[in-house]
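1. A structural model of the following input is requested.
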Amino acid sequence: MISKKLDLCDQINFFTHLSTLLDAGLPLLNSLVMIHQSDAGNQKQYIRRVISDLNHGSSLASSLANQGKFSPVCIGLIAVGEKTGELEKSLNLINRQLENDEALRRQMKQALTYPLITLSSAVLMVACMLIWVIPNFEEIFINFNSELPAITQLMLNGSRFIQDYFYYIVCTIIAFTVLAVFIWINSISFQKIFDSQIFRLPYFGNIYRLSAQISWCQNLAHLLQSGISILEALRITAQSSNHWLSHDLTVKLFKQLSLGFDFGNGLKRCDPQQRFFDADTVQLLYIGARTGSLGTMLLNRSRALEQQLQHKLSVLGQSLEPFLIIFLGLLVGGLLLSLYLPIFSLGRII
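-> Next comes the predicted model:
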C-alpha cells in the first residue's frame with residue numbers, strides 16, 4: 001500500500017499554485033521557489049527538498065516520489081507530462097482528480113458526521129447518568145420498603161458495576177484500542193480481512209463499495225487519458241489504492257493482461273463473484289475496452305456511480321434523522337422512567 005500522504009487540501013493547493021505559475025510562463029524551478037517562499041503550511045519542507053533534488057538534476061516526478069507524500073497517480077501523471085512536454089495538462093488532470101477525491105470525501109463525512117455525533121452524545125449521556133445521577137437516586141430508593149421495578153433495579157446494578165470497575169473498564173478500552181491499532185499497522189492479513197468484510201455491512205457496505213469503485217475508475221481513467229499504457233496505468237492504480245480488495249483485484253488484472261487476455265475478459269476472470277465491481281460496471285468496461293473507448297467509459301461510469309452514491313447518502317441522511325430522534329427519545333424516556341417509576345408508586349407504598 002502507499003505511505004502516508006499530504007492532506008488532500010495541501011496537495012490541491014500545491015498543484016494548483018504550480019499549474020497557475022507554469023501557465024503564466026515561469027520556469028519550473030522558479031515556480032517552486034515562489035511557492036516555497038509564499039507557503040507557511042505543511043508542504044514547505046517538502047518543497048524545499050524538491051527544489052534541492054531539481055538542482056541536482058532530478059526530474060519533478062522523481063523528486064516528488066522521493067518525498068513519499070504524494071499519490072503514485074500524481075507522480076505517474078507528472079512523469080508523463082515531463083516526457084511529453086505537457087506538464088501543465090498533467091497538472092490540470094491531477095487537480096481535477098484531487099478535487100473529485102476531496103468532494104467525495106466531503107460527501108461521506110457530511111453524511112456520517114450527524115449519526116456519529118448523535119450516537120456519541122447518547123453514549124456519553126448514558127455514562128454520565130450511570131456514574132453521577134443514578135447514585136443520588138439510589139440513596140432515595142434505599143428508604144423505600146418495597147421491591148423496586150425491574151428496569152430501575154437494572155439501572156442501579158449497571159451504575160454500581162460501572163462505579164466499581166470504572167478504571168478497569170477504561171483500561172480495557174484503551175488496551176483494546178491500542179492492540180487493534182497495533183495489529184492494523186503490522187498485520188496486512190488483518191487489513192485484508194477488514195477490507196473484505198466491510199463491503200458486507202448492510203447499506204454502509206454498499207456506500208463504501210461505491211466510493212472505492214469511483215476512486216478506482218477515476219484514477220485509471222485519468223492515467224489512460226494522459227497517454228500511459230494500460231499495464232503501467234494498472235500498476236500505478238494498484239499502488240495508489242487505499243483498499244486491499246481493490247489493490248489485489250488490480251494486481252490480478254495486471255497479470256491477466258500480461259498473459260494476453262483483453263481488459264474485459266480479464267476483469268471478469270479477476271472478480272467472478274463481483275465482490276468489488278457490480279455487473280453493470282463490468283459490462284460497461286467490457287464494452288469500452290472492446291470499442292477502444294475505455295478511458296471515456298471509465299469516466300462516464302464514475303459519474304454514474306457518483307450519482308448513485310449521492311442518492312444513497314441523501315437517503316441515508318433523511319432516514320437516519322427520524323430514526324435517531326426516535327432512538328434518543330426512547331433512550332431518554334427509558335432512563336427517566338427507570339428513575340421516577342418508583343417515586344410514582346410511592347403513594348401505594350405509604
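2. residues in contact with residue 259?
-> Going by CB atoms under 8 Å, 6 or more residues apart in numbering, residue 259 touches no other residue. C-beta here means a position set from N, CA and C on the backbone, and glycine is covered the same way.
3. which residues touch the closest residue to residue 287 other than its chain neighbours?
-> Excluding the flanking residues, the one nearest residue 287 by CB to CB, 6 or more residues apart in numbering is residue 297, at 6.8 Å. Under the criterion of CB under 8 Å, 6+ apart, the neighbours of residue 297 are 284, 285, 287, 288, 289.
4. wait, isn't residue 127 in contact with residue 159?
-> No. Proximity of residue 127 to residue 159 does not meet the contact threshold set by CB atoms under 8 Å, at 10.3 Å.
5. for stretch 242-251, the distance to its chain's centre please.
-> Here stretch 242-251 is found 15 Å from its chain centre; the criterion is CA atoms, centre = their mean, to the nearest Å.
6. Check stretch 100-116 too.
-> 9 Å.
7. try stretch 215-222
-> Distance, centroid of stretch 215-222 to centroid of chain: 16 Å (CA atoms, centre = their mean).
8. And the contacts of it?
-> Stretch 215-222 is touched from outside by 73, 77, 93-94, 96-97, 100-101, 104, 233-234, 236-237, 240-242, 246, 250, 281, 295-296, 298-299, 301-302, 305, with contacts defined as CB under 8 Å, 6+ apart.
9. what's the answer for stretch 325-336, then?
-> Here stretch 325-336 makes contact (CB under 8 Å, 6+ apart) with 118, 122, 125, 126, 129, 151, 155.
10. Now with 6 Å, please.
-> The contact list for stretch 325-336 (CB atoms under 6 Å, 6 or more residues apart in numbering) reads 122, 129.
11. May I see the buried residues of it?
-> residue 335 (16 or more other CB atoms under 10 Å).
12. Tell me how far it lies from the chain's centre.
-> With CA atoms, centre = their mean, you get 31 Å for stretch 325-336.
13. Convert that stretch to CSV, retaining C-alpha atoms only.
-> Output in CSV follows, covering the C-alpha atoms of stretch 325-336 (Å, rounded to 0.1, in the frame of the first residue of the first chain):
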residue,chain,number,x,y,z
ILE,A,325,-34.6,11.2,17.1
ILE,A,326,-36.9,8.2,18.0
PHE,A,327,-33.9,6.4,19.4
LEU,A,328,-32.8,9.3,21.6
GLY,A,329,-36.4,9.8,22.7
LEU,A,330,-36.8,6.2,23.8
LEU,A,331,-33.4,6.3,25.5
VAL,A,332,-34.2,9.4,27.5
GLY,A,333,-37.7,8.3,28.2
GLY,A,334,-36.5,4.9,29.4
LEU,A,335,-33.9,6.5,31.7
LEU,A,336,-36.4,8.9,33.2
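14. pLDDT on it, on average?
-> The average pLDDT within stretch 325-336 is 82.
15. coming back round to it: just put the contacts of residue 297 in JSON lines and tack on neighbour count, distance to residue 192 and secondary structure.
-> Shown next, in JSON lines, are these (neighbours: other CB atoms under 10 Å; distance: CB to CB, whole Å; DSSP: H, G, I helix; E, B strand; the rest coil):
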{"residue": "284", "neighbour count": "20", "distance to residue 192": "27", "secondary structure": "helix"}
{"residue": "285", "neighbour count": "21", "distance to residue 192": "24", "secondary structure": "helix"}
{"residue": "287", "neighbour count": "13", "distance to residue 192": "31", "secondary structure": "helix"}
{"residue": "288", "neighbour count": "21", "distance to residue 192": "29", "secondary structure": "helix"}
{"residue": "289", "neighbour count": "19", "distance to residue 192": "28", "secondary structure": "helix"}
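16. Mind checking which of the contacts of stretch 215-222 are buried?
-> By 16+ other CB under 10 Å, those give 73, 77, 93-94, 97, 100-101, 104, 233-234, 236-237, 240-241, 246, 250, 281, 295, 298-299, 301-302, 305 as buried.
17. Residue 79 and residue 61 touch, don't they?
-> Yes. At 3.8 Å, residue 79 counts as touching residue 61 under the criterion of CB atoms under 6 Å.
18. Tell me the pLDDT of residue 278.
-> pLDDT, residue 278: 87.
19. What does it show for phi and psi?
-> The phi/psi pair for residue 278 (degrees, to the nearest 10) reads phi -80, psi 170.
20. that older thread, the residue nearest to residue 287 sits in which helix or strand?
-> helix 294-344 (DSSP states H and E).
21. confidence score at residue 346?
-> With respect to pLDDT, residue 346 scores 59.
22. With residue 42 instead?
-> Residue 42 is assigned a predicted lDDT (pLDDT) of 61.
23. same deal with residue 244?
-> 87.
24. Could you do residue 4 as well?
-> Reading off the model, residue 4 has pLDDT 52.
25. Now the nearest residue to residue 6 once chain neighbours are set aside: phi and psi?
-> Once flanking residues are discounted, residue 6 sits nearest to residue 69: 4.7 Å by CB to CB, 6+ apart. The phi/psi pair for residue 69 (degrees, to the nearest 10) reads phi -120, psi 0.
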